[in-house]
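Peer 1: Pasting the sequence and the predicted model now:
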Amino acid sequence: MQSGKKKTNKWILEFITEDPTVNPLMGWEASTDTMSEFNLEFSTKDMAIAYAKKNKINYELIEPKKRKIVKKSYAENFTR
C-alpha cells in the first residue's frame, strides 16, 4: 500500500466540536456548534500559531511524523 504526499505541506487549524449530542433518529453525532464544520489552512506553522494567539484560540500542536521510506524494487516480489 502506498500513501500519497499531496497537501502535506499545509498546517491545518481544526476546531473541536463543543457540546456534541446524538441524533435520536439516526444515531449520528450532532451539534449546534458551526465552528467545527470548517478547517483553516496555513502555509507555515508559525502563521497558524500566530493566528490562534491573535484570536485567543486554545491550540494543540501535532507535529507530522517522519516518513519511513523502504526502497524496494518490483523484482523483489518474485525473488523471495
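Peer 2: Here it is on my side, so go on.

Peer 1: in this protein, which ranges drop under the pLDDT threshold?
Peer 2: Low-confidence segments of the chain (pLDDT under 70): 1-3, 7, 80.

Peer 1: For it, which segments count as helices?
Peer 2: Along the chain, counting by DSSP state H, helices occupy 45-54, 76-79.

Peer 1: Contacts for the longest one, please.
Peer 2: Counting contacts by C-beta atoms under 8 Å, 6 or more residues apart in numbering, the residues outside helix 45-54 that touch it are 11, 12, 13, 40, 42, 57, 58, 59, 61. (C-beta placed from N, C-alpha, C; glycine too.)

Peer 1: switch to 6 Å and redo it
Peer 2: Under the criterion C-beta atoms under 6 Å, 6 or more residues apart in numbering, residues 11, 13, 42, 59 lie in contact with helix 45-54.

Peer 1: Need the max-distance pair from these.
Peer 2: 42 and 59 (11.6 Å; C-beta to C-beta).

Peer 1: Tell me which of these two has more neighbours.
Peer 2: residue 42 (16 against 12; other C-beta atoms under 10 Å).

Peer 1: Quick check: the closest residue to the more buried one other than its chain neighbours vs residue 18, distance?
Peer 2: In space, and not counting its chain neighbours, residue 42 is closest to residue 48: 4.1 Å by C-beta to C-beta, 6 or more residues apart in numbering. In this view, residue 48 and residue 18 are 20 Å apart by C-beta to C-beta, to the nearest Å.
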